[in-house]
Each structure stands twice: as structure tokens, then as C-alpha cells.
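Using only what follows, build the 3D model:
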Amino acid sequence: MKVSVLYPGQPESPSAVAPYARFVGQGGATRLWLGQSLRTEPHQVAAYLAGAGSAVPVGTSVTLMPLRGAYEAALQARSVAALTGHPYVAGFGASTPDVVRALTGRPYDRPASTLGGYLTTIRSLLRDETVHGLRLAPLRHPGVEVGAGVLRPGMARVAGATADVAVTWMTSPDYLRTVVVPALRAGAGDERPVPRIVTVVHVATGRPDRNPARLAYLAAGQHLRAAHYVDMLCRAGLSVSTADPKGGARALVGSGLFAYATPDGIVERLAGYAAAGVDEVVLNPCGVLLAEGEQAAVDDLAAILTAWKA
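Predicted structure coming up:
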């Protein structure tokens, strides 16, 4: 299993992401992952870093489908691959009904199916095929993997049929093994390879002056108010509710989904994801970043990556 790092915020400047890119450039991590940002746009951040000397493998986990059409999405993804000189992972999510309504005028009737059609169009464009009379101009590049944000079995089946990568958040090894992997296989059938799994894991190294439940709440409080995340966590056996995100944060810590331990202890927990079939785990130090700042988050990642390499 490969280990990568996530810049866990919306950067005001690409320079804030540079320390995370250095982990990748120095061989300590496999890939730099960026989430959706409404400050500096993630594809432009990746291009800036490449021009500044940090041309490293990049992925997005995930950008929101309603923000860009499929043609522009394919163009942006291919551009990052060409500019960095590395294969790029373009992860997309359907977003929430409220956001979709605000951006497009109405929510998607069938979010999973809509995302599946979107991914199919992007993959066709990246294969230099003509879609609805349009195609991308020829460009040599290292390649793009198209990914889908996956939480529940319905989206996993769609990802199995349409994506190269399934990107999951806050999914336990047992839930991946018993729910996500079988659904991916069912979606892929005998016609195509099963998408590889990339799982984002909240991490923080244990210290006497830290409150892990507070760090988990800072990191995941918004997700713990979202019905689709809470439904997934309940399916995975946690007792959580959108009405009690602080209780949900405590449950994340108690279950190990928020990996709070010594660096060696976190590495032991990551091994469970490898056993569940995860191809790449992404370390997310969001709680530490929000509680203690950039340097503390970077220090935690450095300690965990050192323990992993050892």
C-alpha cells in the first residue's frame, strides 16, 4: 500500500501547500492530494507548484461536479498531468443537493447515475474520442486516472462501472472490505478492471496536551452534520447522528477512524487498510492544522511518514 498526504484546507496561497509537496518530492510520500477549494483553485495550485520546482504527482479528493462541465474537467486534469510530468488522479464528487441547486438551479434526480455519466464523458475525452461533436486537441501527457468519491454501495457500484479510482473518506477497513469492495466488483463485472481504492484517513499524533475528540470535531464536524456521511458511518456500525456532531467526533476517535496514537501506533492502524484492499492511504492532518497551525500539522505528517518508512 502506498502512503500519500493531503493538504487539509483551502489555501490562501500555493506557498501554504509547498511543505506537503516537499514530502512527495523527497520520497516520503507517494502523492500530494488537494480537496475542493473556493479560495485558490486546486488545479492552479498544482500548476503553480510545478512551476516553482515542486512538480510532483497530484490528485484531487474530490472536486465538485457541478462546478465545471465535463469538457473543462478533462482539460484541467490533462493539463495538470502535462505540467507536472506525472500521472494525475482527477477525483470528482456529486456534492450535496443544496450546493447542486445553488449552482445549477435544481438538484440531481439521481446523483450517482449523473456522476457516472459525467465520468464516462471525461474518460472518453481523455481517450481523444469525440463526444457530442467535440474533442480535445491532441496533447502528449503522462496520463489521467478518473476517480469518484465513494461512501455508500450505490455510488460504489457506479464507480465500479465508470471510474479508475474510488476515493473514500472516513471509511473503516471492515466497511471497505464488506461493503465497498463487493459493490465495486459488482459494478465492474467482467467487463473492466475493479477501480483501485484510495482512502483518506484523519490522523493526529497523541500528546498529553491534546484532546483527540476536539481535534476530530475540528477535522470532521461538517461531515458529521451531513446526512450521507452519517448514514455511511451508521452502516459501518457507529452510533452517530447529524444532531450531535460532537458525539460523532468522539465515536470517530473511539473507533479508530480518527487515528490518534503514537506514530508507530498510527502505522499499525494503517496496516488494516492495506489488509482491506486499499491501494493508497492519504494522511489528513486537518484537526491539527485547525487547532495548532501549519507547522504542527507538517510535524505530525513527518513523524508518521518516518515511522511508516521504518
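
The protein: strands as residue ranges?
With strands called from DSSP state E, the chain shows them at 2-7, 32-34, 58-64, 88-93, 144-149, 165-169, 196-205, 258-261, 280-284.

closest to F23 out of those?
strand 2-7 (5.3 Å; Cβ to Cβ). The way it works is simple: take the backbone N, C-alpha and C, and place the C-beta from them, glycine included.

For the closest one, list the C-alpha coordinates in PDB.
The C-alpha trace of strand 2-7 is given here as PDB (Å, rounded to 0.1, in the frame of the first residue of the first chain):
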ATOM      1  CA  LYS A   2       1.200   3.500  -0.900                       C
ATOM      2  CA  VAL A   3       1.000   6.400   1.600                       C
ATOM      3  CA  SER A   4       0.300   9.900   0.500                       C
ATOM      4  CA  VAL A   5      -0.500  13.300   2.100                       C
ATOM      5  CA  LEU A   6      -3.500  15.700   1.800                       C
ATOM      6  CA  TYR A   7      -3.300  19.400   2.200                       C
END
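
All the helices of the stretch 51-200 of the chain, in order from the start?
70-84, 97-104, 111-126, 153-162, 173-175, 181-188 (DSSP state H, counting those that start in this stretch).

Buried residues in the third one, which are they?
For helix 111-126, the buried set under the neighbour-count rule, 16 or more other Cβ atoms under 10 Å, comprises 111-112, 114-116, 118-126.

now the shortest one
Judged by neighbour count (16+ other Cβ under 10 Å), helix 173-175 contains these buried residues: P173, Y175.

so how far is A226 from A90?
A90 sits 23 Å away from A226, going by Cβ to Cβ, to the nearest Å.

Look at these two and report which has more neighbours.
A90 (28 against 15; other Cβ atoms under 10 Å).

contacting residues around that one?
By Cβ atoms under 8 Å, 6 or more residues apart in numbering, A90 lies in contact with G59, T60, T63, A73, Q76, A77, V80, I122, V144, E145, V146, G147.

just W33 next, same as before
Taking Cβ under 8 Å, 6+ apart as the definition, contacts of W33 comprise S4, V5, L6, Y7, V58, G59, T60, S61, V89, V200, V282.
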